[in-house]
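Student: Let's see this in three dimensions:
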Amino acid sequence: MIKTYCLENGGGELKVSEPPEALSSGLIWLDLVHPSKEEEALAERLLGIDLPTREELKDIEPSSRLYVEDGAAFMTASLLWKAESATPQLADIAFILIGNRLVTIRYAEPRSFDLFAASLKRQHSKCREGRELLARLLETVVDRTAEILEFGVAKVDDLSVHVFVDRKAASRRPPGFLEDKLLDIASHHRLVSKARDSLVSLSRLVSFVRSLPELRKDSEANSLLKIVARDVQSLAEHAAFIANNITFMLDATLGLINVEQNAIIKIFSIASVVFLPPTLVASIYGMNFHFMPELSWSFGYLYAIAAMIVSAVVPFLFFRWKGWL
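Tutor: Down below sits the predicted model:
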């Protein structure tokens, strides 16, 4: 699908239309969403350049992601999408500046593009060139990333409330509660990790765009990109802070699991020590020797039972006195 954004009536109205047969002077944005082979060929014919394929967008070398060719600046960034799902992903999206037009190629649908398109219809007079359009689109992408990180912070805070509770509440936890929380921690870590990767990619793209001669001459677009660069840097630091909190949460949860396991092992150890003396008494009087003085006692059986009870109670009271129970 190809979406075209054109300024009409002297820039007073923004119109979203289907792919044209020829480029008009008011066309400022050509958005290719899951383009087919035919749509790619049409866009290449209209623009007069070779567009990167889906496989080429996955290249990680800087020379394949950021370069200038045939008078057009080709840039590829990895943007975060499916952030609300259990498996957030990175989508490789191409941004191409050719003349006064912006061309985007994407095989995913990050929410930031829909937000920007909606705001563009309301504030179309602020974007009359592709360079400024790119700057504002990147600003929206960064704002969306900030929103995702805020969502991650809220989830981590909610998780910490469930993990760090008082002793009485902890005793009422169902079996395997903390083990299940490890999966939640892993999910939050994946989200923040993907956001950090996206911010690194955006930082490289913004630095490249600002180095373009035509961008340095555009004071308004350059000032917007400068703000975007500062926002990316601050969000990267914030994401690192969140990642440290998640690491602490992981270590703390593993520590609590070890504490619970040690408490269980301690109970079994004390129980074995408590029942060891009665077992010894029962073993002695269970021997099949003919000459045992206690065998002829009238109260020998009661004596053995009492000896077993006393030998069990004394260690139990000793452990209570030491505070081990």
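Student: give me the number of residues near residue 138?
Tutor: For residue 138, the neighbour count with other CB atoms under 10 Å is 26. For glycine as for every other residue, the C-beta is placed from the backbone atoms N, C-alpha and C.
Student: hang on, I meant residue 215
Tutor: Neighbour tally, residue 215, other CB under 10 Å: 20.
Student: Please report the distance of it from residue 286.
Tutor: To residue 286, residue 215 is 93 Å away according to CB to CB, to the nearest Å.
Student: The helix or strand containing residue 6: partners in the sheet, and parallel or antiparallel?
Tutor: Take DSSP states H and E as the rule and residue 6 turns out to sit in strand 2-8. Taking DSSP bridges as the criterion, strand 2-8 forms sheet pairs with strand 13-17 (antiparallel), strand 27-33 (antiparallel).
Student: quick one: which of those strands has the weakest pLDDT on average?
Tutor: Mean pLDDT is lowest for strand 13-17 among these, at a mean of 49.
Student: Which other helices and strands does the one helix or strand residue 276 maps to contact?
Tutor: In this assignment (DSSP H and E), residue 276 forms part of helix 219-285. Counting contacts by 3 or more CB pairs under 8 Å, 6 or more residues apart in numbering; DSSP states H and E, helix 219-285 is packed against helix 130-163, helix 177-210, helix 213-217, helix 300-322.
Student: Distance from it to the middle of the chain?
Tutor: 18 Å (CA atoms, centre = their mean, to the nearest Å).
Student: tell me the angle of it relative to helix 177-210?
Tutor: Orientation of helix 219-285 against helix 177-210 (axes from the mean of the first three to the mean of the last three CA atoms, to 10 degrees) gives an angle of 160 degrees.
Student: Next, the angle helix 300-322 makes with helix 219-285.
Tutor: Using the same axes, to 10 degrees: helix 219-285 against helix 300-322 is 150 degrees.
Student: Just the residues contacting the helix or strand hosting residue 55, thanks.
Tutor: Assigned by DSSP H and E, residue 55 belongs to helix 54-57. Residues from elsewhere that reach helix 54-57 (CB atoms under 8 Å, 6 or more residues apart in numbering): 64, 76, 92-94, 105, 107.
Student: Stretch 77-86 too?
Tutor: 65, 88-93, 95, 108-112, 141, 145, 148, 151, 187, 191, 194-195, 197-198, 201-202, 204-205.
Student: okay, now residue 219: neighbour count?
Tutor: When neighbours are defined as other CB under 10 Å, residue 219 has 9 of them.
Student: i'd like the first residue to be 391 from this point on
Tutor: With 391 as the first residue, the last one maps to residue 609.
Student: separation between it and residue 616?
Tutor: Distance of residue 609 to residue 616, computed by CB to CB: 10 Å.
Student: now do residue 626
Tutor: Distance of residue 626 to residue 616, computed by CB to CB: 16 Å.
Student: Who has more neighbours out of those two?
Tutor: Counted by other CB under 10 Å, residue 626 and residue 616 do not tie: residue 626 has more neighbours, with 18 against 13.
Student: how about the nearest residue to the more buried one, chain neighbours excluded?
Tutor: Using CB to CB, 6 or more residues apart in numbering and skipping the chain neighbours, the partner closest in space to residue 626 is residue 589 (4.7 Å).
Student: Please look at residue 595 and residue 485 and confirm they touch.
Tutor: Yes - Residue 595 is within contact range of residue 485, at 7.2 Å (criterion: CB atoms under 8 Å).
Student: So for the two, which sits in the more crowded spot?
Tutor: Applying other CB under 10 Å to residue 595 and residue 485 shows that residue 595 carries more neighbours, namely 24 against 21.
Student: Can you point out the buried residues in the helix or strand where residue 434 lies?
Tutor: Using DSSP H and E, residue 434 maps to helix 427-437. Residues of helix 427-437 classed as buried by neighbour count (16 or more other CB atoms under 10 Å): 429-430, 432-433, 436-437.
Student: contacting residues around residue 486?
Tutor: For residue 486, the contact set (CB under 8 Å, 6+ apart) comprises 439, 441, 462-465, 492-495.
Student: what about residue 543, neighbour count?
Tutor: 16.
Student: gap between it and residue 628?
Tutor: For residue 543, the distance to residue 628 - CB to CB - is 9 Å.
Student: again with residue 454
Tutor: 29 Å.
Student: Tell me which of those two has more neighbours.
Tutor: Under the neighbour definition other CB under 10 Å, residue 454 and residue 628 were set side by side, and residue 628 has more, 19 against 14.
Student: Looking at the more buried one now. What's its pLDDT?
Tutor: pLDDT for residue 628: 86.
Student: which residue sits closest to residue 395 in space, ignoring its chain neighbours?
Tutor: residue 419 (4.0 Å).
Student: With that, I have no additional questions.
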